[in-house]
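> Next come a sequence and a model predicted from it.
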Amino acid sequence: MRFIFKTSYVQDLGIFRDGVQRNWYVVLFFGMLALPLLIPAYLVDMSLVFIYGLCGLSLMVLAGYTGLVSLGHAAFLGIGAYTHVYAIHDLGLPWIVGVALACVVTGISGVLVGLPALRMTGVYLSIATLAFALIIQEVLTRWEHVTGGLKGKPVDKPVVFGLYLGGDAAFYFLCLAFLIAGIWLTGNLLRAPTGRAWVAIRDSEIAAQSMGVNLAVYKTSAFAYSAALMGAAGALFAHKIGFLAPDIFTVLLSIQFLLMVVVGGLGSLHGAFFGAVFVALLPVAISQARDLVPVWASTLVSPFGKSAGSATFLAVDQFVKKPGLEPGLFGLILVLFILFEPLGIYGRWRKIQLYFSTFPLYKRATFRRQKAYMRSERLR
Amino acid sequence: MSLFVAEGLVMDFGGLRAVDGVSFRIEPGEVFTIIGPNGAGKTTIFNLVSRIYDPSAGRLIFDGEDITRVPPHEVARRGIARTFQNIELFEHATVLQNLLLGRHAHKRSRFVEELLFLPRVRALELEHREAVEKVIEFLDLQPHRDSLVVNLAYGVRKVVEMARALCTRPRLLLLDEPSSGLSVEETEDMAFWIQDIRTILGVTVLMVEHDMSLVSSVSDRVLAVNYGRPIALGTAREVQEHPDVVKAYLGG
């Protein structure tokens, strides 16, 4: 077990816990830089991981840190994507201005959604954001001269400052840059008074208020910041999918984002990224498994006879090719996580770290949850 | 001049009148305690003073200014801090983060500055940290600085909550049942701390308390309420011996 020897208050202000942690991130950074050489075939999936990472960051700020659960974040992604594409195609603005505009427009719509949120808590707020997402989807469908309606809107490859970034590797680095910027900005906010005020609102609104936190200002700012991040992700997402249609930004996508932060681990920036890796790569894993699992099954059964083997192959093959397997699996995994690892992948990651750092002395009970009855009487 | 004045406070919840014409004055530097049986309206008075409830009638004056219509988050900035009967700490944050939030009323950095974590934000953070460390030292919280509140014992949480209130650098500190849930020894410690807060930091204290030994050891004046009405005001001994107070507690 490593203990950090603190000699000055500045040490608690850094973005990294200590030098060792910083070095690990430097290693990770170079790993990410080298990735295009290692797995060129999966770069497209990795850019999606980074875009989803931004989305996870956005929802983590809102749901994980401020405690406002949104079921309509795909709408912000949609607004960002359409704003960006409209700005660079129809208005002919430079790429980076398009992204900025996407952030501003989603930020403003975040404020508009955040205002009613001042009067709503918990599940009522989630329902309101869900309604907002449905309205936005309808708007995207109907407002044809801007969005192209159901016919959709093709998106060109990104050209940033006259630099063509349409190649897989170039786009990968673009997404990586945005993700790192997003993590840095969010990390800054979280170690400053604003982030503390958000956490305070999550844990006890009444105490936050008594300490001088203006609930209206901080709830709206959380919504606005979260939405603006989503806007930036939307701009990248538009280029990633290359074709915008209203039926991409559905409630199911919003739920996937929520799944991302819950599975990743609520209340940690790591969690947002773990969740993004999980949600973006699970479909890839499933499509791989679709080809492999029937083969494995038939080899397992084949010792019992050739016909049994081929029959198993057919049965398993038919099962895994059924539509709707993916959402079903997502749902199952969400349920399993909430039951067995409420702290998400990040929680599991911390346990593994602790296991190795305390190696022969690890106590399972360290993380046992205790039922607390101390906050029974609330003032709401 | 009195530091705090409550004039004819009335609070109605629908048809129920929880507080019915309570008036009191708190002089600077005193420990003023409100006692009363369960349901007498003590906590309601507290929530009125910290502006969580809007009074149905009456006025609140703090330091010569009328704060009856001031929003609740503004109260901390003016110098009133409070603790809660059922501890309201930010449980999934460390003690240090909790205390730093106590500095929120003194926040001077803007959103964009924080987004980029400019040197000014860094300097301000260090300033907050120094203020917090003084409180940590004052209340002997050094061993718990980096532990999560969820993992702390109840007695420590009580102290942390008081520390958080002190971090706002209040002139009037509201303590809602500081001894509830504490052992006898912890209650004695609490009495010393309240005295220290008054004499060393010069903070005026308004307290709601049931434990009569704590009340009589620290309070300068005591107000007894029952059914939302004040029934006695005076020193702890005078109030305890007042026939209406005896009647309120023992019936008859």
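Sure thing, it's come through.

> which residue ranges form the strands in chain B?
In chain B, the strands defined using DSSP state E lie at B:4-13, B:16-26, B:31-35, B:57-62, B:65-66, B:80-82, B:172-176, B:204-208, B:221-226, B:229-234.

> Buried deepest among those, which one?
The highest average neighbour count among these, using mean count of other Cβ atoms under 10 Å in any protein chain shown, belongs to strand B:80-82 at a mean of 27. The C-beta positions use only the backbone N, C-alpha and C, and glycine is treated the same way.

> Excluding residues flanking it in the chain, which one is nearest residue 133?
As the question left the chain open, I've gone with chain A. Take A:Ala133 and drop its neighbours on the chain: the residue closest to it by Cβ to Cβ, 6 or more residues apart in numbering or on different chains is A:Gly72, 3.1 Å away.

> my bad, chain B
Among residues not flanking B:Glu133 along the chain, A:Tyr9 sits closest, at 7.6 Å (Cβ to Cβ, 6+ apart).

> among the strands of chain B, which is nearest chain A?
Distance to chain A, taken as Cβ to the nearest Cβ, is lowest for strand B:80-82 among the strands of chain B, at 5.3 Å.

> ok, that closest one: who's next to it in the sheet?
Here the strand partners of strand B:80-82, with direction, are listed using DSSP bridges: strand B:172-176 (parallel).

> ok, back up a step: ok, now which ones touch the residue nearest to A:Ala133?
Residues near A:Gly72 by Cβ atoms under 8 Å, 6 or more residues apart in numbering or on different chains: A:113, A:129-134, A:136, A:251, A:254.

> So which residue is dead centre in chain B?
Among the residues of chain B, B:Leu174 comes closest to the average C-alpha position under Cα atoms, centre = their mean, at 1.8 Å.

> Before we go further, A:Leu71 is sitting in a helix, right?
No - remark: A:Leu71 does not belong to a helix; assigned using DSSP: H, G, I helix; E, B strand; the rest coil, it is coil.

> now the helices for the stretch 151-300 of chain A?
Here the stretch 151-300 of chain A has its helices, by DSSP state H, counting those that start in this stretch, at A:168-190, A:193-203, A:205-210, A:215-241, A:251-264, A:269-301.

> low-scoring stretches of chain B, by residue?
Low-confidence segments of chain B (pLDDT under 70): B:252.

> Now do the helices in it.
B:42-49, B:72-78, B:95-101, B:111-116, B:119-138, B:154-167, B:184-199, B:212-218, B:236-241, B:243-250 (DSSP state H).

> Could you tell me how many residues sit around A:Phe5?
Residue neighbour count, defined by other Cβ atoms under 10 Å in any protein chain shown, stands at 7 for A:Phe5.

> That one in helix, strand or coil?
Secondary structure, three-state DSSP: A:Phe5 is coil.

> pLDDT value on it, please?
In this model, A:Phe5 is scored at 84, pLDDT.

> Backbone torsions only: list them for it.
phi -90, psi 110 (degrees, to the nearest 10).

> Out of the strands of chain B, the one nearest A:Val213 is which?
Proximity to A:Val213 (Cβ to Cβ) singles out strand B:80-82 among those, at 12.8 Å.

> and of the strands of chain B, who's closest to A:Lys240?
Smallest distance to A:Lys240 across these (Cβ to Cβ): 49.6 Å, for strand B:80-82.

> Among the contacts of A:Gly72, name the buried ones.
A residue is treated as buried here by neighbour count (16 or more other Cβ atoms under 10 Å in any protein chain shown); on that basis the buried members of the contacts of A:Gly72 are A:113, A:129-130, A:132-133, A:136, A:254.

> Show me where chain A dips below the pLDDT cut-off.
In the predicted model of chain A, residues A:1, A:366-380 satisfy pLDDT under 70.

> Close to chain B: what parts of it are there?
Along chain A, the residues adjacent to chain B under the rule Cβ under 8 Å from any Cβ of the partner chain are A:9-10, A:12-13, A:185, A:188-189, A:191-197, A:199-200, A:202-204, A:206-215, A:221, A:267, A:372, A:374-377, A:379.

> thinking again about what came up before, so can I have CSV of the helices of the stretch 151-300 of chain A showing distance to B:Arg169?
Rendered in CSV, the data for the helices of the stretch 151-300 of chain A read as follows (distance: least, Cβ to Cβ, whole Å):
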stretch, distance to B:Arg169
helix A:168-190, 24
helix A:193-203, 15
helix A:205-210, 14
helix A:215-241, 21
helix A:251-264, 36
helix A:269-301, 32
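
> And those: which comes nearest B:Trp193?
helix A:205-210 (19.6 Å).

> which residues are contacting the closest one?
The list of residues contacting helix A:205-210 from outside it, by Cβ under 8 Å, 6+ apart, reads A:197, A:200-201, A:215, A:218, A:378-380, B:50, B:52, B:72-73, B:75-76, B:81-82, B:84, B:88-90, B:101.

> got it, and stretch B:186-202?
If you take Cβ under 8 Å, 6+ apart as the criterion, stretch B:186-202 is touched by B:29-31, B:138-139, B:155, B:158-159, B:162, B:166, B:173, B:175, B:178-179, B:182, B:203-205, B:207, B:211, B:213-214, B:217-218.

> would you turn the helices of chain B into CSV with mean neighbour count?
Converted to CSV, the helices of chain B look like this (neighbours: other Cβ atoms under 10 Å in any protein chain shown):
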stretch, mean neighbour count
helix B:42-49, 24
helix B:72-78, 20
helix B:95-101, 24
helix B:111-116, 16
helix B:119-138, 17
helix B:154-167, 22
helix B:184-199, 17
helix B:212-218, 18
helix B:236-241, 16
helix B:243-250, 14
